[in-house]
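Visitor: Please find the sequence and the predicted model below.
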2 protein chains.
Amino acid sequence: MQRYVNVSEKVAGGGLLHRRTLLGVAAFGGVAAAGKSLAAPLAVPEWSEVPGLPMSGYGQPSPFEAHVQRPVLGLYPEGTGDGAGVSFTPLEHLEGTITPNGLFFERHHSGIPEIDPTRHELVIHGLVRQPRVFTSEDLVGMPLITQTVFLECAGNSLFNSLAEPQQRSAGEIHGLIGAAEWTGVRLADLLDLVGIDPRATWILAEGADAAKQSRSIPLSKIIDGDAMVALYQNGERLRPEQGYPMRLVLPGWQGSMQTKWLRRIKLVDGPTQTKDETSKYSLSQKDGRAQQFIFEMGVKSVITRPSPGIAPTRPGLYQISGLAWSGAGRIVRVQVSADGGTSWADALLDGDARPKMLTRFRLPWDWSGEPALLMSRATDEMGAVQPTRMEWYAPWAPEQLYHQNAIQVWSVAATGEVQNVYL
Amino acid sequence: MQRYVNVSEKVAGGGLLHRRTLLGVAAFGGVAAAGKSLAAPLAVPEWSEVPGLPMSGYGQPSPFEAHVQRPVLGLYPEGTGDGAGVSFTPLEHLEGTITPNGLFFERHHSGIPEIDPTRHELVIHGLVRQPRVFTSEDLVGMPLITQTVFLECAGNSLFNSLAEPQQRSAGEIHGLIGAAEWTGVRLADLLDLVGIDPRATWILAEGADAAKQSRSIPLSKIIDGDAMVALYQNGERLRPEQGYPMRLVLPGWQGSMQTKWLRRIKLVDGPTQTKDETSKYSLSQKDGRAQQFIFEMGVKSVITRPSPGIAPTRPGLYQISGLAWSGAGRIVRVQVSADGGTSWADALLDGDARPKMLTRFRLPWDWSGEPALLMSRATDEMGAVQPTRMEWYAPWAPEQLYHQNAIQVWSVAATGEVQNVYL
């Protein structure tokens, strides 16, 4: 496990301290002021005096955490695009790296189909030796694999592509991402079972939702790749909004390809140009042309504490905490700045930095009470470094909103209020 | 990721195949028979024809998974021991290694207190330089660490200590265990903050439930150890039944010490002999004496598929799947037998075998349709090997039920029915 050692070295401007600063050298989060010494005998609260609630079949969060919800954003006027929209993972209320299933973001094009798993079938056909039909129970009985990876919508952070910075929570800006332990069947194994015609170079994957969300995927992601048909998320069967009873998981690639409610895989000899990869999820360049088939999500990070609504209350020592990830592999470095990018300090990466998985970073910060500009900058094992917003924006047309992985800047006012700003 | 290769070597009796047997050499789980070729055009089910359900703030499992519940077992007649009992993690319905929060087992001595986190306080006192009081918000602002570890009740699997084998599901026998990503404050850091008196050698940890569940813990587990005060479980704040707003996590040690609803830590100069470590959680030997303070959970494994209620339906190829763990560290080997222990084959360990964490193992099995006896045997990095039931039982008095880590034997009848048997 991570250990903090007895140093309190200032490592960058704005009060950033060495990442292993020992807790004991000072009190974090204003504890020195808030923590009381023990004067009176320990009070016995009323909940310690009577037997509590009984056991239950399926547990729920505390009523005192009822504010921790996915903020819902419908994309069309009520009644015109039923079920089309997003809900965001509330990143600023979470810690660690796993996203609990109830708070994993949603992006639906026509709502959540209510699928009876005993009637749902997955067909694999097209350029194959022997087309086959599988139920989810067929798949559960096959050799399963487990992968712990993030899943991010191509449209995540699109608010920061707009001309003016939006005042929203960290989750409402960057929360079209979640991470989970997925268990299912390796897609290459399923294709072995049907037999691949040598002419096949791509697949079409189609969902059972009313929008028939469908995307083309190159066969190279599957053969010798990590593509899987997931049946379980964080131990239990997929939730309806995550594709129950089965979905594609393509580690590191954009979410819209990771087809939920998977009903059909057709092996084909080239991309099929579905509506979901032409009118949507293509990237408009400044020169008027569009880029298609940019699959991998870029290297990225965001500070979740402090962030809008999660504000420091008084000058003192705080732990900056955030998430970093890359579709290309492992995160090897996260740097933090408290002075708008003038100076940077290395954050502590908590636990194993696993490939294509969220990595938690942390760094102590001695806040003087002066206005500050907090930023984080991630580097992945391929050497890719997270760009500034201006760097990110350079090739794109103004209306291009996808694959936004620019450095987030949070301004901290003397009052402690945190706002989204562009530099 | 794990890969299966093109072999189908028989590696032990009763139809066990090499752990990397390629899916393509045969159809698993009766898929050859059940899988249909594609004759008619693909049907469009009704749920694909209308917009689906909208997004939501906090998601729930599919109604079709309503049978996946924690079985609840009250330990006292109704009205006499309110809230005292257990609920079991339904291991046979889960896959991977993470236990979803809603299905994580419970063991309460007086129910679940309904704690207002703004009023709950943790006091650290006794042999310290400066007693202190912390709220959960104080702790959230401190340097946090994340550890992914299992948590097992000392009474797990106690049904297999009874004279006759009980016919219950895998979860109802072995499901007083769960595994999660825990985030919180390292307890050593908190003790640094209050200052440890050199005379202190143990702590007393006490919960805020009506039973005042309390245990003594040697300081060595804390100083240079991995003990933590957990605030988050699998990303979100602890559930009420897991100790909201804070609990102890002592990786690898018995669950009853990992105090839920933690309200008090007292530094003391020896064990305090609370009711929960004298009348309970002590181990009666054959010679009439009792052992106290056996903290570490032994090396253990269980096959979850097949298991009672999760039966093979016809002769053919199946994937045996199960969980292994050890309180001493990593799992390095799991062997499976299909012939009652006459021959053994090495199972595939899925993903990283992390210390003090559940490890998923898998092995292909070509079931002939003859009666079979399935067993799994785990070995940890310290070289400890899971004992047979007779080996485990040797030192204990008949009434001793704790720390049962014996090899589970499932008998598979020609009908496919799976039962719990003793050899």
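Guide: Great, that's in hand. Numbering: from 1, shown residues only, chains lettered A, B, ... in the order given.

Visitor: I figured A:A347 was touching A:L363, is that so?
Guide: Yes: counting by C-beta atoms under 8 Å, A:L363 is a contact partner of A:A347 at 4.2 Å. For the C-beta atoms, the positions are set from N, CA and C on the backbone; glycine is no exception.

Visitor: Which neighbours do those two have in common?
Guide: A:R19, A:I320, A:V336 (C-beta atoms under 8 Å, 6 or more residues apart in numbering or on different chains).

Visitor: Would you agree the second one is in contact with A:W367?
Guide: Translated: A:I320. No: under the criterion of C-beta under 8 Å, A:I320 makes no contact with A:W367, lying 9.8 Å away.

Visitor: which of those two has more neighbours?
Guide: Each of A:I320 and A:W367 has its neighbours counted (other C-beta atoms under 10 Å in any protein chain shown); A:I320 has more, 25 against 22.

Visitor: For the more buried one, give the beta-bridge partners.
Guide: As for beta bridges, A:I320 partners with A:L363 under DSSP bridges.

Visitor: What does the pLDDT read for it?
Guide: pLDDT, A:I320: 96.

Visitor: Now A:E92: closest residue in space that isn't a chain neighbour?
Guide: A:A170 (4.3 Å; C-beta to C-beta, 6 or more residues apart in numbering or on different chains).

Visitor: Across the sheet, point out what pairs with A:G184.
Guide: A:I145, A:A230.

Visitor: Spit out the contact partners of it.
Guide: Residues in contact with A:G184 (C-beta under 8 Å, 6+ apart) are A:L139, A:L144, A:I145, A:M228, A:V229, A:A230, A:L231, A:Y232, A:M246, A:V249.

Visitor: Looking at those residues, which one is closest to chain B?
Guide: The closest of the contacts of A:G184 to chain B turns out to be A:Y232 (C-beta to the nearest C-beta; 4.3 Å).

Visitor: so which strand or helix has the closest one?
Guide: strand A:228-233 (DSSP states H and E).

Visitor: For that strand, name the packing helices and strands.
Guide: helix A:136-140, strand A:177-186, helix A:187-194, strand A:247-249 (3 or more C-beta pairs under 8 Å, 6 or more residues apart in numbering or on different chains; DSSP states H and E).

Visitor: For the stretch 151-300 of chain A, what lies in contact range of chain B?
Guide: Proximity of the stretch 151-300 of chain A to chain B, by C-beta under 8 Å from any C-beta of the partner chain, involves residues A:181-183, A:185-186, A:189-190, A:192-193, A:208-210, A:212, A:226, A:231-232, A:234-242, A:244-245, A:263-264.

Visitor: what residue ranges in the stretch 1-150 of chain A score low on pLDDT?
Guide: Within the stretch 1-150 of chain A, the segments meeting pLDDT under 70 span A:1-8, A:22-40, A:77-82.

Visitor: Helices of that one, start to end?
Guide: A:31-34, A:136-140 (DSSP state H, counting those that start in this stretch).

Visitor: returning to what we had before: can you tell me which of the residues of the stretch 151-300 of chain A next to chain B are buried?
Guide: Burial by neighbour count, judged by 16 or more other C-beta atoms under 10 Å in any protein chain shown, picks out A:181-183, A:185-186, A:189-190, A:192-193, A:208-210, A:212, A:226, A:231-232, A:234-242, A:244-245, A:263-264 from those.

Visitor: What about A:V44, how many residues nearby?
Guide: Neighbourhood size, A:V44 [other C-beta under 10 Å]: 11.

Visitor: thinking again about what came up before, and the helices and strands packed on strand A:228-233: which comes nearest A:Y393?
Guide: strand A:177-186 (20.6 Å; C-beta to C-beta).

Visitor: With just CA atoms, put that closest one into PDB.
Guide: Coordinates of the C-alpha atoms in strand A:177-186 are reproduced here as PDB (Å, rounded to 0.1, in the frame of the first residue of the first chain):
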ATOM      1  CA  ILE A 177     -17.100   7.900 -17.900                       C
ATOM      2  CA  GLY A 178     -17.200   5.000 -15.500                       C
ATOM      3  CA  ALA A 179     -14.900   2.000 -14.700                       C
ATOM      4  CA  ALA A 180     -15.900  -1.500 -13.700                       C
ATOM      5  CA  GLU A 181     -14.800  -5.100 -13.500                       C
ATOM      6  CA  TRP A 182     -16.400  -6.700 -16.600                       C
ATOM      7  CA  THR A 183     -16.800 -10.400 -17.000                       C
ATOM      8  CA  GLY A 184     -17.900 -12.100 -20.200                       C
ATOM      9  CA  VAL A 185     -16.800 -14.000 -23.300                       C
ATOM     10  CA  ARG A 186     -13.800 -13.000 -25.400                       C
END
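
Visitor: Relative to the whole chain's centre, how far out is it?
Guide: Counting by C-alpha atoms, centre = their mean, to the nearest Å, strand A:177-186 is centred 12 Å from the centre of its parent chain.

Visitor: tell me the angle of it relative to helix A:187-194?
Guide: Interaxial angle, strand A:177-186 versus helix A:187-194 (axes from the mean of the first three to the mean of the last three C-alpha atoms, to 10 degrees): 30 degrees.

Visitor: Strand A:228-233 and strand A:177-186, what's the angle between them?
Guide: 110 degrees.

Visitor: all strands of the stretch 101-250 of chain A, in order?
Guide: Ranges of strands in the stretch 101-250 of chain A, per DSSP state E, counting those that start in this stretch, are A:106-108, A:122-126, A:132-134, A:145-152, A:177-186, A:202-207, A:214-218, A:228-233, A:236-237, A:247-249.

Visitor: circling back: tally up the residues packed near the residue nearest to A:E92, please.
Guide: Counted with other C-beta under 10 Å, the neighbours of A:A170 add up to 29.

Visitor: From A:P387, how far off is it?
Guide: As judged by C-beta to C-beta, to the nearest Å, A:A170 and A:P387 stand 19 Å apart.

Visitor: same thing with A:M55?
Guide: For A:M55 relative to A:P387 (C-beta to C-beta), the value is 51 Å.

Visitor: Also A:Q167?
Guide: Distance from A:Q167 to A:P387, by C-beta to C-beta: 23 Å.

Visitor: what about these two, which has more around it?
Guide: Using other C-beta under 10 Å, the more surrounded residue of A:Q167 and A:P387 is A:P387, with 17 against 14.

Visitor: OK, contacts around the more buried one?
Guide: Residues near A:P387 by C-beta under 8 Å, 6+ apart: A:N405, A:A406, A:I407.

Visitor: for those residues, which one is nearest B:D116?
Guide: Distance to B:D116 across the contacts of A:P387 (C-beta to C-beta) is lowest for A:I407, with 38.9 Å.

Visitor: ok, A:D116 - how many residues close by?
Guide: 13.

Visitor: go on, A:A43?
Guide: When neighbours are counted by other C-beta under 10 Å, A:A43 registers 10.

Visitor: where's A:E137 relative to chain B, distance?
Guide: Here A:E137 is placed at a distance of 8 Å from chain B (C-beta to the nearest C-beta, to the nearest Å).

Visitor: what's near enough to touch A:K10?
Guide: Contact analysis of A:K10 by C-beta under 8 Å, 6+ apart lists A:L16, A:L17, A:D366.

Visitor: Any chance of those residues in JSON lines with distance to chain B and neighbour count as columns?
Guide: Below are the contacts of A:K10 laid out as JSON lines (distance: C-beta to the nearest C-beta, whole Å; neighbours: other C-beta atoms under 10 Å in any protein chain shown):
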{"residue": "A:L16", "distance to chain B": "14", "neighbour count": "29"}
{"residue": "A:L17", "distance to chain B": "10", "neighbour count": "23"}
{"residue": "A:D366", "distance to chain B": "13", "neighbour count": "18"}
